[in-house]
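J.: A predicted structure for the sequence below; I have some questions about it.
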Amino acid sequence: MRLNPWEQRWQHWLDQRLPAKNQRTLAQRSIFIIPSGSGLALLVVLGLLMILGINFQNSLVYVVCFWLLALFILNILYTYRNLAGVTIKALRIEPCFAGSHAVLELELSRMPTRAHWNIVLDWSKQDHVLVELASCQSVRIQLSHLATKRGYFEPPRIKISTTYPTGLALAWSYFTPDLKGLVYPEPLQQDSALAHQGNTDNSGKILTAGGSDFNELRAYKTGDPIQRIHWAKYAQTGQLYTKSFVDYASEALWLDWNQVPTPRTEQRLSVLCAQVLELNATQAVFGLKIPGKTIEPASGEVHYEQCLKALALYGLPYE
Amino acid sequence: MTATTSPLLNAALNALNQVILGKAHTVRLALTCLLAEGHLLLEDLPGMGKTTLAHALAQVCGLEYKRVQFTSDLLPADLIGASIFDPKTTTFQFHRGPLFTQVLLADELNRTTPKAQSALLEAMEEKQISMDGKSYPLPKPFFVIATQNPQSQSGTFHLPESQLDRFLLRISLGYPDPAVERAMLQGRNGRQLLLQLKPVLSPAELKALQHLVPQIKMTDALLDYIQRLIACTREHERCQVGLSPRGALALVRAAQSWALLQGRGFVLPEDVQAVFVAVAGHRLVGRHEQGEALARLLLSQVDVVGVNRAA
Amino acid sequence: MGCPMNKTITYSGMLWLLAAQFVVMLPFTLYLPWWLIPIMVASVIWRLRVLKGYSAQPNALVKTLLVAMGVGGLVLSGLPFPSLDLMLAVLLLGFAFKSLEVVQLRDGVIVIFLGYLLVALHFLYTQEILAGAYGLLGMTILTGALIGIQPAVTVLNPFETVRSHLKLATLMVLQAIPLMLIIFFLAPRLPPLWSLPMMPGQTKTGISERMTPGDIADLTRSTELAFRATFKNTRPPQAQLYWRGLTLNYFDGKTWQQLPEDYDFINFKNQVKGEYALFNKNFELRGDPIEYEALYVPSGQPWLFTLTPTLNVEGDVIRAADYRVMANTITQSPALIKASSYPQTIRDTKLTHTMRHLASQLPQGSDPRTHELAQRWWRESGQNVERYIKLILHHFRTQEFYYTLSPPLLGDQNTIDAFLFDSRKGFCSHYAGSFVFLMRAVGIPARVVVGYQGGKWNEQGNYLAVYQYDAHAWVEVWQPETGWVEYDPTTAVAPSRVTEGSDAFLAQEEGLLRQSFRAVQNNLPWLSSLSQQLDALQYQWQRWVVGYDHDTQANVLRKWLGDFSITTLTLVILSVFVALGVLWGIWLGLWRKPRLTLEQSLMHELDQILAKKGFKREPAQTVGDFAQQVSSKQADLGKLLQQFAQHFESLCYNPMANKADTTQQLKRLLKQLKKAPITQLGRKIAPLKPSRISEG
């Protein structure tokens, strides 16, 4: 997006005046206010009324004209008041995949003595939401923004505006959350990508006495659960036998950068990302090797997020 | 009501303090936990007197006490009990495990497998055991004191946050004061005193006291303070995970119980502050610091009366 | 600037618009075709049905058809083209039809702005107090509608929503009053930017500018107000109150009128500014002035009515050589003048040739019998003007002449003869016309003066109200020594018409006002007094609101600010605006400190007291804790503080505590704490800064 010098200066000025922060209470310093489109239209109507009043020398037409003018000015205060005192706070950004929407969670809260109506939070061309802050003390909202590139998503300025009560004036402020959201690479499915990277049969070592796979039949020991007793054998032999079960620890899979059959970095990352997703869905134990980083085999949410984060930030000047 | 209860409780506290030297606050918290019908998590190095505390608590309240050492090969059946085949009658009989007691010391809970852990936690939550389609109620009161060794890392299974939430309080005894330690070195051994400890409370009295806890009054001003605290845990930038509603309830319950222990019919902010670290320490997840330090930090930042709204 | 919100107007928004449209359009039915209302209602109902899903949105064909029907209706209604009436009717039609296609917020805003415009336009028709109040209602409803159509998150039920919008709108409209008044009183009033076509709905309501006595069989007289006057010193007696409007010189045998070209306002104005102007050399000032102020109801005529001769006038007026005072422009706003009249002045001892010619003109060969009679009396009076006039008046008084508002018709020719010799029944015009004819018949310059006579004194308001039924015609006769002298021949026939006022006189007239309200109220003193009060209110309204023009403004400002300069004016305006801004800010709570609860304010006070003594409580510190901390350093203070803490705890946290008692105790303790001395403990205790309070 190319900006002309004036817009650049304006943006720069805004950055200086309203630096990124995770919480801001809107007040005089941060609220801008101008007549809205319909406000300007009203001014035209006022001009018309003024001409009518002058030409017909009609005092009551003047009165209507001035009354509307006073209302218009008063309304600016009302609109200002509707925004002032609102505290906006960025809570978190959910990680997302490139090409999908990053969701920012915000909380708006107010002072107990004042109600606020019809506040619009707007991420230009992305998402917007209309909230009221009168029936409750605070409200949580989510705004989404398209995340195009992997890495960290730095949320752009959010415009908080209101035209309450009459729509004649527009008060707005900007809020830039000082948060970063992880954007994982866009998953790219590739057939047979996993096939030659390891085997998934049960030839691994027995991990522990477990409950998933049948192992052997052994003599009953005191304390064995009733469900495990092999009644058929008991019927045959009169001896109690217990079925024992084990879990297998399959040999860990390694997702290896070098084994991805595409030369291009982004594609490789995408393929690896898809594989991580796939393996995580099957709750497999897997490790990840990318240049400069090796994550030991493990499974579970934390591991999964760790892998995705490594992929997201690969080659980027963070950390 | 408090007029009659406080002498009892004071006597109990005195008795405990004679056994566990120089740890008045911790002892109080432990008793608070018992009164609030919660379970206690003790996080300490070995040899700090965890067992003594547990035993003493049981003794003072006249409760049945058992200790289970949690090891890596402990099976749930070892804890719960098992149905054992009686060849004479050719029937199975349920033999109750050590879990069926009033005070259970689950020593080094983090050493055992998640399976055994969850068997215990389930029992704590449900207050009964289901076995072979039959359920066996646990005795009342049922009070678990679990200990964890914070140092040992290898071969341990640390309880996940969701499971930690089941413990009302987490406390640690820590090293004794030099003076107390000297007394100990000079031969005043708590273990020996333990044997002489007489029950101060009867189980029935304890039960009556436990029923009093929810009746301790809280005013709007106090609830405001509690809510400010909870909100702070959820909103503070150093906080990753704040207090859940269950955690909030635990805070209230613990504060009420603490107030009862102080012989008061209503809760003061002091009570909340006294229990907050123990309640929130293991529930909060900080970005930078441990939960306990974070809880302390939050406590020092939340306005008691709410005069300074901006924080 | 906006964002892609859903800006479709909701059902309740449509209901708001319907209400607003109805309120705005209703008064126009008095002036414009009434069928505009059903059109509006039908359009709105259609739209509401569309919203409910019962009907389809009308397609282009239906819309075109509807508009064609509406325009057709307007054409048939026969409003003149081009006129403001027609323009307004078209505007109203558009206003009504617009609701059919109100879908988006923008359409709604257009409807509401049109509504504001129409509220103002209604004042071109009437500027009565009631109309003003109705306008206020319209403004409020329109503002409510403007709030109501905004896209909103609804949390209340529809009824509550509407109520809250109405409440807010009313509040805003009322809060806007002070600023409105300031702008109203201070904003400069400009002269009209361009000359206007015919006023909307304006019928000339003043006195008739021509006098054709013979054509009127039944003079209906309106009870409408013509003007009000206040007198600076004493009120002149009723019989002296001859309010001159215009003079009629030209008689064609039937009608008394001005010269035909004088009825062209622009042309006449030019003449009055030129050769027909009133020059100071024409008159000789004599006697004490009657100073008065008059506020005229707009009549669509330029004539203003003044006591003869009014020689000093303030106001936007011009004065003609026949001593009439007229408005410089015909406006909708009431004209206000400040004037002084010098009744003893001798006017025009020299008559110009033109004037003499005008005042002596008679139609050729008409009314031979009157001519004959005139010559006879002229001879009888020995060619003495005074005696001649007396003779005529004596004749009116002694012969069978009747004053009536229902005279017989007099035909087209020899109307004077017909009146003087046959019918002998008539009202002021008949007598004034015949009198002037008799004068001119013997060569004495004379003219008819039309205007108002008398008026009704309002005790409550201390002013004279002159009504249309006070319209009167009298004469002026010129003689070289005395100049123009006024005579009222009607008094010869009906003296009470002048001495008691037309109101009283007319009441006697059979059938005239028998059923009228005025007649009834004359019999009910309280009703009369009430009506006088209302009328007084009306006067103030007319005087200060409707009649507030450039001159009034200048007077008011001069009165308040003395000889003001631009600087003082700017300063005044600025300070007023700042004051108003602060007032509004406080009103709206923009500068209000966050409201504290009892315990919070107590704690705040305590914090301040102790901060001065050098002890600062951390916000997270409980009072008990703080008390202990203080006790360790200042035992006495600590003791007090511990007491405070105890009471404070029971106030805030013990539900069983006696709140009132505890609060009193706490307040007492606070006082003690304030006075408590600090004992020096070896080290200097520097007072700390008070803790920061309610930041942000």
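T.: On my side now, so go ahead.

J.: C-alpha only now, for contacts and for neighbours.
T.: Will do.

J.: check contacts around C:Val162.
T.: Going by Cα atoms under 8 Å, 6 or more residues apart in numbering or on different chains, C:Val162 touches C:12, C:148.

J.: roughly how far apart are it and C:Glu486?
T.: 66 Å (Cα to Cα, to the nearest Å).

J.: Apart from its chain neighbours, what residue comes closest to C:Leu190?
T.: A:Ile54 (6.1 Å; Cα to Cα, 6 or more residues apart in numbering or on different chains).

J.: Which strand or helix spans the residue lying closest to B:Leu42 once chain neighbours are set aside?
T.: Of all residues not flanking B:Leu42 in the chain, B:Thr147 sits nearest, at 4.5 Å (Cα to Cα, 6+ apart). Using DSSP states H and E, the element containing B:Thr147 is strand B:143-148.

J.: Which elements pack onto that strand?
T.: If contacts are counted by 3 or more Cα pairs under 8 Å, 6 or more residues apart in numbering or on different chains; DSSP states H and E, strand B:143-148 sits against strand B:40-43, strand B:103-107.

J.: what's the offset of the host helix or strand of B:Leu212 from the middle of its chain?
T.: In this assignment (DSSP H and E), B:Leu212 forms part of helix B:203-212. The chain centre lies 17 Å from the centre of helix B:203-212; the measure is Cα atoms, centre = their mean, to the nearest Å.

J.: Look up phi and psi at A:Gly300.
T.: Taking degrees, to the nearest 10, you get phi 110, psi 170 for the backbone angles of A:Gly300.

J.: residues touching it, list them.
T.: Counting by Cα under 8 Å, 6+ apart, A:Gly300 makes contact with A:280, A:283.

J.: Using the three-state scheme, assign A:Val302.
T.: Recorded secondary structure, A:Val302: helix (DSSP: H, G, I helix; E, B strand; the rest coil).

J.: How confident is the prediction for it, by pLDDT?
T.: On pLDDT, A:Val302 comes in at 82.

J.: if I look at it, how far off is chain B?
T.: 12 Å (Cα to the nearest Cα, to the nearest Å).

J.: For that residue, the count of nearby residues, please.
T.: 10 (other Cα atoms under 10 Å in any protein chain shown).

J.: repeat for the one 5 residues further on
T.: Around A:Cys307 there are 25 other residues, counting by other Cα under 10 Å.

J.: For the helix or strand where it lies, buried residues please.
T.: Assigning secondary structure by DSSP H and E places A:Cys307 in helix A:301-313. Residues A:303-304, A:307-313 are the ones in helix A:301-313 that count as buried (16 or more other Cα atoms under 10 Å in any protein chain shown).

J.: Which segments of chain C make up each domain?
T.: What automatic domain parsing lists as the domains of chain C is C:11-175, C:182-203+C:567-592, C:213-525, C:598-675.

J.: By mean pLDDT, show me the worst of those domains.
T.: Confidence, taken as mean pLDDT, is least for domain C:182-203+C:567-592 of the domains of chain C (a mean of 71).

J.: Quick check: pLDDT value at the residue in the stretch 151-300 of chain A positioned nearest to chain C.
T.: At 4.7 Å from chain C, A:Thr166 is the closest residue in the stretch 151-300 of chain A, using Cα to the nearest Cα. For A:Thr166, the model assigns a pLDDT of 90.

J.: what residues are up against it?
T.: A:Thr166 is in contact with A:75, C:143, C:146-147, C:150, counting by Cα under 8 Å, 6+ apart.

J.: what's the answer for A:Tyr220, then?
T.: Neighbour list for A:Tyr220: A:229, A:240-242 [criterion: Cα under 8 Å, 6+ apart].

J.: Recalculate using a threshold of 10 Å.
T.: Neighbour list for A:Tyr220: A:228-230, A:239-243, B:85 [criterion: Cα atoms under 10 Å, 6 or more residues apart in numbering or on different chains].

J.: Give me the subset of those lying in strands.
T.: Per DSSP state E, strands hold the following members of the contacts of A:Tyr220: A:241-243, B:85.

J.: State the pair within the residues you listed that is farthest apart.
T.: The largest separation in the ones in strands among the contacts of A:Tyr220, counting by Cα to Cα, is between A:Lys243 and B:Phe85 at 15.8 Å.

J.: picking up where we left off before, what's the closest of the domains of chain C to A:Cys65?
T.: Closest to A:Cys65 of the domains of chain C is domain C:11-175 (Cα to Cα; 7.9 Å).

J.: Mind jotting down where the strands sit in the stretch 351-500 of chain C?
T.: Along the stretch 351-500 of chain C, the segments classed as strands by DSSP state E, counting those that start in this stretch run C:402-403, C:425-426, C:446-453, C:456-458, C:463-467, C:471-479, C:483-487.
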